[in-house]
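sequence and predicted structure are below.
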Amino acid sequence: WMDTLRAIFPQHPTELLSRALWDHNNDVSAAIDYLVTVEAPLPPYEPPAVPPPYPVAPTLLAPAAPMQVDGAVLPQSSPHMARKPPARPPPPTVRPSAPAHTHPSELDDVRWYFAEEKESGSLKYLPFCSHDSLSLERAYSAFSKGVEGAHVVHVQGGHYDVDVDKRIATSVYWTSTPQPVVRGLWFEVQSRDGKNNVLGPVPEAICEVIEEVLATGEWNQPRALASVNPDGSYRDPLFRKFIPELKKCVVWYDATTIYCHTTSGVKGMIGDRVQIIRGYRAARGAIIDSKGEMGELHCLCGDVCHLVMVVHGIGQVQDLSIHISTEQLQHQSKQIAASGRFGDVIREGSKRVEFLPIQWRADLTLDQGGIPAVTPPGIEKVRSGINSTVLDVLFFTSPVYCQEIIDSVSRELNRVYSLFISRHPAFWDHGGRISIAGHSLGSVLSFDVLSHQVAGTHSGELHGVRSPIETEILALEERLAQLRAHQASGQTPPPGRMLVTEPIYHALSFPVDNLFCLGSPLGMFLILRGARTQAGVMSDCFKNVNFRIFNLYHPYDPVAYRLEPLMGHTPVSDPARAPVFKEGKLLYKAADALLGGLGGKGGLFSSLVGRLSTAAAAPASVVDGGRVDFVLECDNSGWQQYVTAVSAHTCYWTSADTVMFLMQVALERLVH
């Protein structure tokens, strides 16, 4: 503790430090708060003969006063003055070329950051892209000047709204906790990742204190001249500024070398200090050794040419993570676009594919608390897991709750579309298209909603589908017919809810080109509804479908089923292989198959040639062959299949091959 206090207060005598600890019961934090208020006179000091290790302005060097001992003035040749000069402090790790204590420019100095919650619960700050950061800084400047309505900015492609006054980011399309936003002017090395350092913003409260000290020139006073620590190991800073409420201390060594210390806790005891630099460009150029801007990984500023709405399946009652899964798809699409697989238009970000979540289960309370009431005690986690997953399937197949689920899906699709089109008003004018990707049960719900849409001419905001008012009228007529049927039969209708023999499907406000079924049990549901497999004959459930269907699944996904046998494909062939994102991936798999004797039905050589040609070729259209069933690549065999099956049903969110497939279909008009 004494070493910590000596490092922070080298100008105070040891007796004072010891007494401060004694009076505050060895509470270092309380002792520091007390010592900050104590002014200790600096002893007269003569600069050493060697030049200082840091550039100090000549105006800062005060003339040395003659040293006195017991009232007598010592001559300059006194042995008391002939001691060895103190050792130089270690040079700073970063020395920017020149200080930039001028008014911050829009991008060179300022960078805005948003918070992302880690698994541990702590927050990690990531930079906005340059476009969003510039928009936020301009809004901040306008708001500071009193311009009304300038404090809310759409960022990350309209996914979030940032209030520059309250410093919070609020999600637009889904429900989540608002996240803090920081305006960065000073920056520190937040963490290290291999060779690349990561910049983090210094808290704005500390930045305000630093800017005030710089503006007043308080740090550049003669009384703050450097002195020598008691051990003579390094020179004192020129100036310290304590911020007790934040338990921080900002230390100036010279005009460009500034550090920030923690004055309490474990970090304070171990002498934690971080160098801080003013201006994003200066800081990044000084300590970052990376090839690109980190913030550009989160850039969603291009025009949307294709919108994919992602409908979740079971399990969202307890874990509303569909927006996280959708963001994973969006991140994968950024990486694939940057690879150049779809040309310069997509790679440069001028056009992009948008993924938005559909949270149809979040606001539904189907059983009104009845299921928890009848759930017996014991194995609570198992029962809770079943209640929050399997029950969604039972609710959907129930004639009591089916209508509410269908209504929720349609309502959420229209709500998200309305928000999206308000932020992208030129979407249709630029040839935009919309697809729906349904995972698990979500694919069944999506198929039911889409297959009951009324096609028509494209006109108005509804683009040719039945208006919501017309749909409500039909729904009321259907319910009235049910009530009359109950009255005629002398039966009493169930209180509060109606038995639904055939759900009423609301009209969507937009046309849909494609339905992507990911890990879908749709084939099984259609069989249970009476569909049959007959060679050359398409089941009735597909005859009125006016959208394309693509059924993508992992070979060991226990929930996924095929669709082509229900469509009369003759003969029933193996599913088509989905394209692979990484070109070298299939090469290694083919070589392993050749060496291990796992070449497949077509023979080792033909399998090898086929896989190599698929890996090396540019992305070909997956719709040319008229196939519906596509299977992802997986080489596991034998007992490994059962291990893979545990996670196969949720692998689609992090699979680059899945996103590659979606993008090939979505961008076929631009690529082919």
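Alright, I've got the coordinates. Numbers count the residues shown, from 1 in each chain.

what's the spacing between the nearest residue to Met2 once chain neighbours are set aside and His506?
Nearest residue to Met2, sequence neighbours excluded (Cβ to Cβ, 6 or more residues apart in numbering): Leu17, at 6.2 Å. No exception for glycine: its C-beta is placed from N, CA and C like everyone else's. Distance, Leu17 to His506, by Cβ to Cβ, to the nearest Å: 74 Å.

tell me which of these two has more neighbours.
His506 (24 against 20; other Cβ atoms under 10 Å).

how much space between that one and Leu518?
For His506 relative to Leu518 (Cβ to Cβ), the value is 24 Å.

A helix includes Asn544, no?
No: using DSSP: H, G, I helix; E, B strand; the rest coil, the assignment for Asn544 is coil, not a helix.

surely it meets Ser451?
Yes: taking contacts as Cβ atoms under 8 Å, Asn544 lies within contact range of Ser451: 6.6 Å.

mind checking which helix or strand the residue nearest to Met2 is in?
Following DSSP states H and E, one finds Leu17 within helix 14-23.

other SSEs contacting that helix?
Contact here means 3 or more Cβ pairs under 8 Å, 6 or more residues apart in numbering; DSSP states H and E; on that basis helix 14-23 packs against helix 2-8, helix 28-36.

out of these, which gets nearest to Ser339?
helix 2-8 (50.1 Å; Cβ to Cβ).

so what does that closest one touch, helix or strand wise?
Packing partners of helix 2-8 (3+ Cβ pairs under 8 Å, 6+ apart): helix 14-23, helix 28-36.

buried deepest among those, which one?
helix 28-36 (a mean of 18; mean count of other Cβ atoms under 10 Å).

tell me what that one is packed against?
helix 2-8, helix 14-23, helix 265-269.

comparing the ones you listed, which gets the lowest mean pLDDT score?
Mean pLDDT values for the helices and strands packed on helix 28-36 show the minimum at helix 265-269, a mean of 50.

give me the low-pLDDT residue ranges for the stretch 101-250 of the chain?
Where the stretch 101-250 of the chain drops to pLDDT under 70, the residues are 101-108, 119, 190-197, 221-236.

all strands for it, in order.
111-117, 123-127, 152-155, 160-163, 168-171, 179-184, 186-193, 196-201, 239-243, 248-252 (DSSP state E, counting those that start in this stretch).

and for the stretch 551-672 of the chain?
With DSSP E, counting those that start in this stretch, the ranges of strands along the stretch 551-672 of the chain come out as 576-577, 629-631.

tell me which of these sits most buried.
Stretch with highest mean neighbour count among the strands of the stretch 551-672 of the chain: strand 629-631 (a mean of 21; mean count of other Cβ under 10 Å).

surely Ile504 is in a helix?
No: per three-state DSSP, Ile504 lies outside any helix segment and is coil.

let me know how buried it is, in neighbour terms.
So Ile504, with other Cβ under 10 Å, has 18 neighbours.

shouldn't it be in contact with Glu404?
No: assessed by Cβ under 8 Å, Ile504 is found out of contact with Glu404, at 11.3 Å.

before we move on, back to that, Ile336 versus the residue nearest to Met2, what's the distance?
Separation of Leu17 from Ile336 (Cβ to Cβ): 60 Å.

please apply the same query to Ser325.
With Cβ to Cβ as the criterion, Ser325 and Ile336 are 17 Å apart.

neighbour count for the two, which is higher?
The neighbour count for Ser325 versus Ile336, taken as other Cβ under 10 Å, is higher for Ile336 (23 against 18).

helix or strand for Glu404, which one?
Assessed by DSSP H and E, Glu404 sits inside helix 402-423.

show the average pLDDT along that helix.
93.

so what touches it?
154, 158, 172-173, 307, 309, 311, 354, 356-361, 363-364, 366, 395-396, 427-428, 434, 436, 445-446, 448-449, 468, 498, 500, 503-510 (Cβ atoms under 8 Å, 6 or more residues apart in numbering).

which element follows that helix toward the C-terminus?
strand 433-439.

tell me what angle whichever helix or strand comes after that following strand forms with helix 402-423.
Going down the chain from strand 433-439, the next helix or strand is helix 441-451, by DSSP H and E. Helix 441-451 runs at 80 degrees relative to helix 402-423, counting by axes from the mean of the first three to the mean of the last three Cα atoms, to 10 degrees.

contacts for helix 441-451 next, please.
Residues contacting helix 441-451 (Cβ under 8 Å, 6+ apart): 310-314, 358, 360, 392-393, 396, 405-406, 409-410, 413, 436, 438, 503, 505-506, 508, 512, 515-522, 525, 541, 544-545, 547, 549.

neighbours around the nearest residue to Phe143 once chain neighbours are set aside, how many?
Distance criterion Cβ to Cβ, 6+ apart; nearest residue to Phe143, sequence neighbours excluded, is His151 at 4.4 Å. Number of residues near His151 (other Cβ under 10 Å) recorded here: 16.

now do Ala437
The local packing of Ala437 (other Cβ under 10 Å) involves 26 other residues.

by mean pLDDT, which helix or strand of the chain comes out lowest?
Scoring the helices and strands of the chain by mean pLDDT, DSSP states H and E places helix 604-616 at the bottom, with a mean of 35.

relative to Ile243, which of the strands of the stretch 551-672 of the chain is closest?
Closest among those, once you apply Cβ to Cβ, is strand 629-631, at 58.9 Å.

what average pLDDT does the closest one get?
Mean pLDDT, strand 629-631: 93.

given it, what are its sheet partners and their directions?
As defined by DSSP bridges, the strand partners of strand 629-631 come to strand 548-553 (parallel), strand 576-577 (parallel).

lowest average pLDDT across those strands?
strand 576-577 (a mean of 86).

ok, Val213 - contacts?
Trp219, Phe239, Lys241, Val250.
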